[in-house]
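# I need the structure of the sequence given here:
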Amino acid sequence: MNPEQIKDIICKELDDRKAVDITVLNVAHLTVVADYFVICTARSNKQVKALAEYLDEKMSDEGVKALRTDGVREGKWAVLDFGSVIVHIFNDDTRVFYCLEKLWTDGDNVEFYPPKKN
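The predicted structure is shown next:
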C-alpha cells in the first residue's frame, strides 16, 4: 500500500470516528521521517485514547502495522507511526500548545479532510 492510500484510509477512519480538524501535511520534501503527517483533535482524553486504539487496530487489519505508538495511555497526545504516515491525535489544549501545523507548513503542503468546500 502506498503512502497516499494509507493517509486516505487514516483520514476516513478518523472522520468516521468523529475526530475534528483533520489536517494532512505533505512533509516528504521537508524531512525523511515520513511522507505525511495526519493531525487531528479529539474532544476528550478518552477520545484520544479510543481513536488511537481503534486506528491501530483498523490499520493492522488493513495490513499496515504501527512501527511505534506513544502517549496513548495518557490521552493528551497520541502518536502512531505507520512509517510513511505519522498520525498525531491531540486533545484541544495540547494541539494549540504544540501547533505542529506552524512548524511543518510551507504554505503549499496543507490539505484538510474532508476537503473544505469553496
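
# Every contact and neighbour count from this point should use C-alpha atoms.
Fine.

# What's the mean pLDDT across the helix or strand hosting V79?
Assigned by DSSP states H and E, V79 belongs to strand 77-81. Across strand 77-81, pLDDT averages out at 97.

# what packs against that strand?
Applying 3 or more C-alpha pairs under 8 Å, 6 or more residues apart in numbering; DSSP states H and E, one finds that strand 77-81 contacts helix 45-61, strand 68-70, strand 85-91.

# contact partners of it?
Strand 77-81 is touched from outside by 48-49, 52, 56, 66-72, 86-91, 94-95, with contacts defined as C-alpha atoms under 8 Å, 6 or more residues apart in numbering.

# Can you say which of those residues are buried?
Buried residues within the contacts of strand 77-81, counting neighbours by 16 or more other C-alpha atoms under 10 Å: 48-49, 52, 56, 66, 69, 71-72, 86-91, 95.

# What is the most widely separated pair among those?
A66 and R95 (21.6 Å; C-alpha to C-alpha).

# and stretch 44-51, which residues are buried?
45-51.

# what secondary structure does T23 sit in?
What DSSP: H, G, I helix; E, B strand; the rest coil gives for T23 is strand.

# Let me see the contact set for the residue lying closest to it once chain neighbours are set aside.
Excluding the flanking residues, the one nearest T23 by C-alpha to C-alpha, 6 or more residues apart in numbering is F112, at 4.7 Å. Contact partners of F112, counting by C-alpha under 8 Å, 6+ apart, are 21-24.

# got it, and K49?
Each residue near K49 by C-alpha under 8 Å, 6+ apart is listed here: 72-75, 78.

# that older thread, partners of the strand holding V79 in the sheet?
Neighbouring strands of strand 77-81 in its sheet, by DSSP bridges, are strand 68-70 (antiparallel), strand 85-91 (antiparallel).

# Out of the buried ones among the contacts of strand 77-81, flag the one nearest to E4.
Distances from E4 to the buried ones among the contacts of strand 77-81, taken by C-alpha to C-alpha, are shortest for I86, at 12.1 Å.
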